[in-house]
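Enquirer: Okay, sequence plus prediction incoming.
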Amino acid sequence: MTDTDDSLRARWRETLTRARGGAPGPDPAPYADRLLARWAEPQRRYHTTAHLVAVLDHIDTLAGYAADPDAVRLAAWFHDAVYRPDRSENEERSAALAERALPEAGVPDGVTAEVARLVRLTVTHDPADGDADGEVLCDADLAILAAPPGRYAAYAAQVREEYGFVPDDAFREGRATVLRQLLGLPRLFRTPYGAEHWEPRARQNLLTEWELLGH
């Protein structure tokens with residue numbers, strides 16, 4: 001058990017308790033343990049507990065924009081809970097996991113539905129205008145794109161490791177497609193904070209990676 005895991009367990013307990021609205025429920029600890037075991041699976045290089053901590057920290061920064069910050073925090077816990085790089089249905093399976101676990105953990109149906117909706121939104125990271133919770137979750141998840149250059153390079157290397165089963169040429173082509181789609185978006189970040197603080201550096205990082213791929 002690491003200090004990071006202990007801190008995450010405490011954050012989970014606080015968030016789940018608030019999401020219950022004061023209603024009684026089962027001990028939060030086993031749910032945190034099962035989720036943390038998923039986030040520590042050996043196939044992960046970027047989508048690890050470090051990513052979970054980063055997303056939760058970014059949500060704390062952006063919480064003032066959210067309609068239900070704790071639903072967004074629960075969505076962060078589940079958004080990559082199922083992660084297999086060789087499969088395309090990770091988000092759907094993660095949302096389904098939330099739909100099973102949260103009612104059992106004492107979370108009201110409306111909050112559970114919002115969490116599952118938010119998890120599914122991470123397929124596209126394209127929240128509708130006015131979707132405050134979606135904007136906060138998507139901005140928090142994409143904030144790595146605005147990391148300092150060295151951290152961004154480490155992120156890109158970790159993503160490549162997760163897709164180690166893909167040949168180099170195929171990976172470069174696929175990654176270039178992702179970068180082209182991101183660079184083509186009118187806005188990477190939807191919250192005012194993200195637009196001001198993260199957008200310029202994120203675009204520079206994406207462009208640098210694009211150029212390093214030979215495009």
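Expert: The structure has been received and is ready for your questions. Nothing here was measured: the structure is a model prediction, and the numbers come from that model.
Enquirer: rest of the way, CA atoms for contacts and neighbours
Expert: OK.
Enquirer: Please identify the nearest residue in space to Arg201, excluding sequence neighbours.
Expert: Sequence neighbours aside, Ala146 is the residue nearest to Arg201 in space, at 5.1 Å (criterion: Cα to Cα, 6 or more residues apart in numbering).
Enquirer: correction: Arg160
Expert: The nearest residue in space to Arg160 (Cα to Cα, 6+ apart) is Phe171, at 7.9 Å.
Enquirer: Which helix or which strand is home to the residue lying closest to Asp80 once chain neighbours are set aside?
Expert: Nearest-residue entry for Asp80: Ser94, 6.4 Å, with adjacent residues in sequence omitted and distances by Cα to Cα, 6+ apart. Of the helices and strands defined by DSSP states H and E, Ser94 is found in helix 90-104.
Enquirer: what's the pLDDT at Asn158?
Expert: Careful, residue 158 is Gln and not Asn. The confidence metric pLDDT takes the value 97 at Gln158.
Enquirer: Verify the contact between it and Tyr46 for me.
Expert: Yes - taking contact to mean Cα atoms under 8 Å, the distance of 5.2 Å between Gln158 and Tyr46 places them in contact.
Enquirer: How much space separates the residue nearest to Arg160 from Leu213?
Expert: Distance of Phe171 to Leu213, computed by Cα to Cα, to the nearest Å: 10 Å.
Enquirer: which of the two has more neighbours?
Expert: It is Phe171, of Phe171 and Leu213, that has more neighbours when counted by other Cα atoms under 10 Å, with 16 against 13.
Enquirer: which ones are touching the residue most central in space within the chain?
Expert: Most central in the chain under Cα atoms, centre = their mean is Asp141, positioned 4.1 Å from the mean C-alpha point. Residues in contact with Asp141, defined by Cα atoms under 8 Å, 6 or more residues apart in numbering, are Val55.
Enquirer: Distance check, it against Arg18.
Expert: Taking Cα to Cα as the measure, Asp141 falls 22 Å from Arg18.
Enquirer: where does the protein have low pLDDT?
Expert: By pLDDT under 70, the low-scoring segments of the chain are 1, 215.
Enquirer: quick check: domain ranges of it?
Expert: Domain assignment of the chain by automatic domain parsing yields the ranges 3-143, 145-212.
Enquirer: Check these for me and report the most buried one.
Expert: When you average the neighbours per residue for each of those (mean count of other Cα atoms under 10 Å), domain 3-143 leads with a mean of 19.
Enquirer: name the helices or strands packed onto the helix or strand hosting Thr177?
Expert: Secondary-structure assignment from DSSP H and E places Thr177 in helix 168-183. Under the contact criterion of 3 or more Cα pairs under 8 Å, 6 or more residues apart in numbering; DSSP states H and E, helix 168-183 touches helix 199-212.
Enquirer: what residues does the helix it packs on touch?
Expert: Under the criterion Cα under 8 Å, 6+ apart, residues 143, 145-149, 152, 176, 179-180, 183, 187-189 lie in contact with helix 199-212.
Enquirer: swap in stretch 17-27?
Expert: Residues outside stretch 17-27 that contact it (Cα under 8 Å, 6+ apart): Asp70, Ala71, Ala105, Gly106, Val107, Pro108, Val111.
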